[in-house]
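A.B. asks: No letters, just coordinates:
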């Protein structure tokens, strides 16, 4: 006998295989805590999500949600910097262009490492969409 889904219960999602899977999950979890955004997400079709229309709704989420998203982005940027540093240390080449390395991470706006903006959500959605096509 299958039991129904209980409201507020966490559903385990399979690993996407993306190197930023944890970041993606955390962003989604935080966005879903905002009632307005969650409603928009539930009613949006896949084209609205992929086109970036949903990303513009980020300006309407609560201050607490934005603050948490900013914190998540700073943590992700720190993680990526640590990966870049590890890569540099392994190569021991001081001529590496840090900006060029950061550009390979297309799931966030590396030019603004401190705040999570609609462009970040759009880039995250596009990166996931491109991976799944």
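C.D. replies: Noted; the coordinates are in hand. What you see is a predicted model, and the numbers here were worked out from it, not measured in a lab.
A.B. asks: most centrally placed residue in this protein?
C.D. replies: Relative to the mean C-alpha position of the chain, the nearest C-alpha, by C-alpha atoms, centre = their mean, is the one of residue 24, at 4.1 Å.
A.B. asks: quick one: least confident helix or strand in the chain?
C.D. replies: Among the helices and strands of the chain, helix 98-103 carries the lowest confidence by mean pLDDT, DSSP states H and E, at a mean of 60.
A.B. asks: Now the helix ranked longest in the chain: average pLDDT?
C.D. replies: In the chain, ranked by residue count with DSSP state H as the criterion, the top helix is helix 63-91. Per-residue pLDDT values over helix 63-91 give a mean of 88.
A.B. asks: Please state the offset of it from the chain centre?
C.D. replies: Helix 63-91 sits 11 Å away from the centroid of its parent chain (C-alpha atoms, centre = their mean, to the nearest Å).
A.B. asks: how about the helices in this structure?
C.D. replies: Shown for the chain, the helices assigned by DSSP H span residues 21-31, 35-43, 46-51, 63-91, 98-103, 118-132.
A.B. asks: Can you convert the ones you listed into TSV and add a column each for distance to residue 109?
C.D. replies: Where you see a C-beta, it was placed from the backbone N, CA and C, and this is true even at glycine. Listed next are the helices of the chain as TSV, based on distance: least, C-beta to C-beta, whole Å:
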stretch	distance to residue 109
helix 21-31	13
helix 35-43	19
helix 46-51	18
helix 63-91	9
helix 98-103	10
helix 118-132	5
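A.B. asks: So for residue 57, which of those sits nearest?
C.D. replies: The minimum distance between residue 57 and the helices of the chain falls on helix 35-43, with 4.9 Å, by C-beta to C-beta.
A.B. asks: residues touching residue 36, list them.
C.D. replies: 57, 60-61 (C-beta atoms under 8 Å, 6 or more residues apart in numbering).
A.B. asks: Listing request: residues of this structure with sub-threshold pLDDT.
C.D. replies: Within the chain, the stretches falling below the threshold (pLDDT under 70) are 1-16, 90-104, 131-133.
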